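**Q** based on what follows, work out the 3D shape:
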Amino acid sequence: MSDHTYRVIEVVGSSTDTIEDAIRGAIEDAAKTIHNIGWFQVVETRGHVENGKVGHFQVTLKIGFTLDDR
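**A** Okay, the predicted model is just below:
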């Protein structure tokens, strides 16, 4: 087994439909520019209220990925 170095970034996903859609969207968008994503952690869940109803959900994620081999 070779040694690896990992990096963790934080992103915020948002969706007008569900928390799960906010998570999926954040991961899919991050994967467009970051490769070797291996895991995520939901750090915070919040939302925005418009006219007394949920306008959209916001989810803060930590995303972990492996750095390219040296």
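**Q** which residues sit in contact with F40?
**A** F40 makes contacts with 23, 27, 61-64, as judged by Cβ atoms under 8 Å, 6 or more residues apart in numbering. Using the backbone N, CA and C atoms, a C-beta is placed for each residue, glycine as well.
**Q** helix/strand/coil for it?
**A** Classification of F40 by DSSP: H, G, I helix; E, B strand; the rest coil places it in strand.
**Q** how close does it sit to H4?
**A** 17 Å (Cβ to Cβ, to the nearest Å).
**Q** residues near S15, how many?
**A** 18 (other Cβ atoms under 10 Å).
**Q** phi and psi next, for I19.
**A** Main-chain torsions, I19, degrees, to the nearest 10: phi -60, psi -40.
**Q** now it, nearest residue through space, not along the chain?
**A** In space, and not counting its chain neighbours, I19 is closest to F57: 4.9 Å by Cβ to Cβ, 6 or more residues apart in numbering.
**Q** contact partners of the one helix or strand that neighbour maps to?
**A** According to DSSP states H and E, F57 maps onto strand 53-66. Counting contacts by Cβ under 8 Å, 6+ apart, the residues outside strand 53-66 that touch it are 4-19, 21-23, 26-27, 30, 34-49.
**Q** centre of the chain to that strand, how far?
**A** 5 Å (Cα atoms, centre = their mean, to the nearest Å).
**Q** in it, what's buried?
**A** 57-61, 63, 65 (16 or more other Cβ atoms under 10 Å).
**Q** who does V11 bridge with?
**A** L61 (DSSP bridges).
**Q** how near is it to V49?
**A** Applying Cβ to Cβ to V11 and V49 gives a distance of 22 Å.
**Q** how long is stretch 25-34 end to end?
**A** Using Cα to Cα, to the nearest Å, the end-to-end distance of stretch 25-34 comes to 14 Å.
**Q** buried set for that stretch?
**A** 25-27, 30.
**Q** so of the residues you listed, which ones are in helices?
**A** Using DSSP state H, the members of the buried residues of stretch 25-34 that fall within helices are 25-27, 30.
**Q** dump the strand holding F57 to CSV, restricted to CA.
**A** This file holds the C-alpha atoms of strand 53-66, laid out as CSV (Å, rounded to 0.1, in the frame of the first residue of the first chain):
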residue,chain,number,x,y,z
LYS,A,53,-42.0,29.1,3.1
VAL,A,54,-38.7,27.3,2.5
GLY,A,55,-37.1,29.1,-0.4
HIS,A,56,-34.1,26.8,-0.7
PHE,A,57,-31.9,24.5,1.4
GLN,A,58,-28.2,25.1,2.0
VAL,A,59,-25.8,22.4,3.0
THR,A,60,-22.1,22.9,4.0
LEU,A,61,-19.9,20.0,3.1
LYS,A,62,-16.3,19.0,3.8
ILE,A,63,-15.1,17.1,0.8
GLY,A,64,-12.0,14.9,1.0
PHE,A,65,-9.8,13.9,-1.9
THR,A,66,-6.5,12.3,-2.6
